[in-house]
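Colleague: Next comes the sequence, and after it the predicted model I'd like to discuss.
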Amino acid sequence: MVVPKTASPTKTDPANKPHPPNKPEQKGTAATSQSVSGLVFKIVFLCVVCFSIVLGISLCNMSKSASDPKETAIRFLDHWTVTDQNGNHFDTGRIYNDDRAYSEDFTITTVLPDTIHPNEILCFLNRSNVQVYINGKLRESFDRVHDTGIPGGSLKEFYITIPLNPSDRGGELKMERHPTDWNPVVVSETFITTSQGMYHFLMNRYGTPFIFSVVLFVAALLVTIIGLVIRVWKKQTLDMLYAALGILDISCWLLSVSQITPFITGVYYVDGIMGYIFCMMMPFALLIYVNSIQKGRYKKCYTLLFILSLISFILWTSLHFAGIQSFQTSLVFIDSILTLVVVCAIFTLLMDIRNGHIKEYSYAAIGFLIFSVMSVFQIIDLFFFTPESIGIPMIIGLMAMLVMVVIQQVNDLRRIKNHLEEEVRDKSIENEQMLIHIVQTLAGTIDAKDTYTNGHSGRVADYSREIARRCGYSETELNDIYMMGLLHDIGKIGVPDAVINKPGKLTAEEYEIIKKHPIMGAKILENIKEKEELAMGARWHHEKYGGGGYPDGIKGEEIPEQARIIAVADAYDAMTSYRSYRDPMEQDHVRREIENGSGTQFDPHFAAVMLEMIEEDTDYQLREKRQD
């Protein structure tokens, strides 16, 4: 029969020494730590996703919130008279473009509505220098160089807002517009509304990319913080950190080119300049991220592109702020470098596909390819500069890339965890085998001290392991009890050789010396903190299940389970080994002794297992064998 393993309760022996509990199977610290990091990462990222979704829904609800129709009404000015610098004038509608706007001045006039409310404002899209007159009086003036106070001037088309008064009703509105360097607009979309109406107008027209840009910015910022915390806390750099920095930079660029940003901040020019700076910074995060996921295989290529991007950033920024050449005139060079970086990254991805390396980062590659394609569309969109759609292609690519990067990072963490667990497992097995060899050598030294018990410790260890195996012990626990069996008599090192090897009967005094070896063995082994359970077999293998054993006189399940197993194995080997005064006992006699000792000297469960082993040993192989 197979006896189920019973748990050993923790007791206190008479010497107030607690029984060491069965030591649980150890797991790799590094692997466990990695697993915890992965779990924390998943939980935190889930929180980031939930927060981003809630933020996006909140912003959408704000943009669509119900309000007074009078406060959000838009009144467009649809009839204009245009006068060129040669004095020619003609009528036009709401919007009028003319290529001469690149080099000539234009004057446009119209008549304000008959009703103007106190809280209304005049709004129009502008990029060039302009003066606005109402009833012949200068109401607003904008000079892109002098008014900004920044070298290079403003680089952004934005909405100018001018407060109106009820006295302006029915008056003449005149604008003097000077040459522009972008979009030859002479008459731009001009309307009258309130601040709330302006907000709703902007959100309806530009709100979608703006909202998603805010959500991406917040998500990228939080993921960046998570990556930095993991880097500082765990000393581990995640590829996700580089991707998050790149998405953070592009999100900032999307926000800087949005028409909503200057309306919210009240600053009409800084965001335009920042847009170019963020654009020039895109290659840095992109190159670092791709080089990281590709394990540095194309480091020389990326290093060259990084240096080229850095030179471009320093050169065009210096020229712009020095007033020599604006970012606008350098845009073709800036976009060319960004395009070159994207093309090179795509090329290296194709190379990795051909060479079979793409499986290392398949999810990230898919996300990056989608992002790269969307980036090309975004660059094309920039050349056409469609205000309503700017950022949409980039946002689609960013969303796909963010999802894929997170999936890739989760897979990477899982792969790292599995690899670390495998390394720890292999190292544990190696250390366990080394420890067993050391213990076997030590056990041989102990047995050599006793002329009549050569090999005793090894046989006790083998019998103990087999009993434990039949009782359902794990492999780690079997190794532990095997070593406990090898070292159960280590305390005999402190017993004089004359006593151990005495051929005749021991005196009472000599027997008392022998009885001290369990305590001496336990003291030796308790210093091994990594295997504290080793001391149990040494200290309590002479205790008796029914009481009356030594050194502590404990009984029953007060005796640790492993010690009860070793007690049966030790007694069995003593009866089946050669002594100076006898040969191994007959197998039937040994069986009767085990049966008689069950419940008194031995744990009945383990005695039954030992009897089962005896029954199966029909050739009586479980005994000491001597060479002839």
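Modeller: Noted; the coordinates are in hand.
Colleague: Might you list the low-confidence residue ranges for this protein?
Modeller: The chain contains residues with pLDDT under 70 at 1-71, 147-155, 236-237, 268-272, 379, 381-391, 443-453, 627-628.
Colleague: Would you mind giving the domain segments of the protein?
Modeller: Taking automatic domain parsing as the domain assignment, the ranges for the chain are 71-193, 201-413, 450-616.
Colleague: Adding mean neighbour count and distance to Val424, write the ones you listed out as JSON lines.
Modeller: Placement of C-beta: from N, CA and C, glycine included. Below are those laid out as JSON lines (neighbours: other C-beta atoms under 10 Å; distance: least, C-beta to C-beta, whole Å):
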{"stretch": "domain 71-193", "mean neighbour count": "16", "distance to Val424": "57"}
{"stretch": "domain 201-413", "mean neighbour count": "19", "distance to Val424": "16"}
{"stretch": "domain 450-616", "mean neighbour count": "19", "distance to Val424": "13"}
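Colleague: closest one to His437 among the ones you listed?
Modeller: Smallest distance to His437 across the domains of the chain (C-beta to C-beta): 10.6 Å, for domain 450-616.
Colleague: Apart from its neighbours in sequence, what residue is nearest Phe212?
Modeller: In space, and not counting its chain neighbours, Phe212 is closest to Ile395: 4.8 Å by C-beta to C-beta, 6 or more residues apart in numbering.
Colleague: Quick check: that neighbour is in a helix.
Modeller: Yes. Counting by DSSP: H, G, I helix; E, B strand; the rest coil, Ile395 is located in a helix.
Colleague: Surely it and Ser213 touch.
Modeller: Yes. Counting by C-beta atoms under 8 Å, Ile395 touches Ser213, with 6.8 Å between them.
Colleague: who touches both of those two?
Modeller: Listed contacts common to Ile395 and Ser213 are Leu254; contacts here mean C-beta atoms under 8 Å, 6 or more residues apart in numbering.
Colleague: need the contact list for the residue nearest to Phe212.
Modeller: Contacts for Ile395 (C-beta under 8 Å, 6+ apart) come out as Pro209, Phe212, Ser213, Leu216, Leu254.
Colleague: now the third one: how far from Gly397?
Modeller: Ser213 sits 13 Å away from Gly397, going by C-beta to C-beta, to the nearest Å.
Colleague: Just give me how far stretch 310-327 sits from the chain centre.
Modeller: Going by C-alpha atoms, centre = their mean, to the nearest Å, the spacing between the C-alpha centre of stretch 310-327 and its chain's C-alpha centre is 38 Å.
Colleague: same deal with stretch 466-483?
Modeller: Worked out by C-alpha atoms, centre = their mean, stretch 466-483 lies 38 Å from the chain centre.
Colleague: that older thread, and the domains of the chain as a markdown table, adding distance to Arg425?
Modeller: What follows is the domains of the chain, written out as a markdown table (distance: least, C-beta to C-beta, whole Å):
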| stretch | distance to Arg425 |
| --- | --- |
| domain 71-193 | 60 |
| domain 201-413 | 18 |
| domain 450-616 | 11 |
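Colleague: Tell me which of those sits nearest to Glu430.
Modeller: With C-beta to C-beta as the criterion, Glu430 lies closest to domain 450-616 of the domains of the chain, at 12.7 Å.
Colleague: What is the end-to-end distance of stretch 525-535?
Modeller: Start-to-end span of stretch 525-535 (C-alpha to C-alpha, to the nearest Å) is 5 Å.
Colleague: Let me know the helix or strand that the residue located most distally from the centre of the chain is in.
Modeller: Centroid-distance maximum for the chain: Gly504 at 70.8 Å, with C-alpha atoms, centre = their mean. Per DSSP states H and E, Gly504 falls between elements, in no helix or strand.
Colleague: measure Glu466 to Val609 for me?
Modeller: Per C-beta to C-beta, Glu466 is found 8 Å from Val609.
Colleague: ugh, typo on my part, it should be Ala508
Modeller: Distance of Ala508 to Val609, given as C-beta to C-beta: 35 Å.
Colleague: what do you get for Phe278?
Modeller: As judged by C-beta to C-beta, Phe278 and Val609 stand 74 Å apart.
Colleague: same thing with Asp552?
Modeller: From Asp552 to Val609 the distance is 25 Å (C-beta to C-beta).
Colleague: Repeat that for Arg354.
Modeller: Taking C-beta to C-beta, one finds Arg354 at 62 Å from Val609.
Colleague: Now do the phi/psi pair for Leu487.
Modeller: phi -100, psi 10 (degrees, to the nearest 10).
Colleague: just checking, it touches Gly537?
Modeller: Yes. Leu487 lies in contact with Gly537 (C-beta under 8 Å); the separation is 6.8 Å.
Colleague: residues shared between the contacts of these two?
Modeller: With C-beta under 8 Å, 6+ apart, Leu487 and Gly537 have no common neighbours.
Colleague: now the helices for the stretch 401-550 of the chain?
Modeller: For the stretch 401-550 of the chain, applying DSSP state H, counting those that start in this stretch gives helices covering 456-470, 475-486, 497-500, 508-514, 517-525, 534-540.
Colleague: and what of the stretch 251-400 of the chain?
Modeller: Using DSSP H, counting those that start in this stretch, the helices of the stretch 251-400 of the chain run over residues 260-265, 270-293, 299-321, 331-355, 362-384, 392-449.
Colleague: how about those in CSV, adding distance to Leu228?
Modeller: Output for the helices of the stretch 251-400 of the chain, formatted as CSV (distance: least, C-beta to C-beta, whole Å):
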stretch, distance to Leu228
helix 260-265, 26
helix 270-293, 14
helix 299-321, 21
helix 331-355, 24
helix 362-384, 20
helix 392-449, 14
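Colleague: Give me the distance between the residue farthest from the centre of the chain and Tyr581.
Modeller: The spacing between Gly504 and Tyr581, counted by C-beta to C-beta, is 9 Å.
Colleague: What is the end-to-end distance of stretch 163-179?
Modeller: Length of stretch 163-179, first residue to last, C-alpha to C-alpha: 25 Å.
Colleague: any idea how far it is from the chain center?
Modeller: 58 Å.
Colleague: Next: stretch 111-131.
Modeller: On C-alpha atoms, centre = their mean, the centre of stretch 111-131 falls 52 Å from the chain's centre.
Colleague: Now it - C-alpha only, CSV.
Modeller: This file holds the C-alpha atoms of stretch 111-131, laid out as CSV (Å, rounded to 0.1, in the frame of the first residue of the first chain):
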residue,chain,number,x,y,z
VAL,A,111,-20.2,95.5,-43.3
LEU,A,112,-20.8,94.2,-39.8
PRO,A,113,-24.3,92.8,-38.9
ASP,A,114,-26.9,95.2,-37.6
THR,A,115,-27.0,93.4,-34.3
ILE,A,116,-23.9,93.0,-32.1
HIS,A,117,-24.1,91.7,-28.6
PRO,A,118,-21.8,92.8,-25.8
ASN,A,119,-20.1,89.4,-25.3
GLU,A,120,-19.5,88.7,-29.0
ILE,A,121,-16.1,88.5,-30.8
LEU,A,122,-14.8,88.7,-34.3
CYS,A,123,-12.8,85.6,-35.4
PHE,A,124,-10.8,84.9,-38.5
LEU,A,125,-7.9,82.6,-39.5
ASN,A,126,-4.6,84.4,-40.1
ARG,A,127,-0.9,83.8,-40.7
SER,A,128,0.3,87.1,-42.3
ASN,A,129,0.8,90.6,-40.9
VAL,A,130,-2.6,92.3,-40.7
GLN,A,131,-4.3,95.4,-39.5
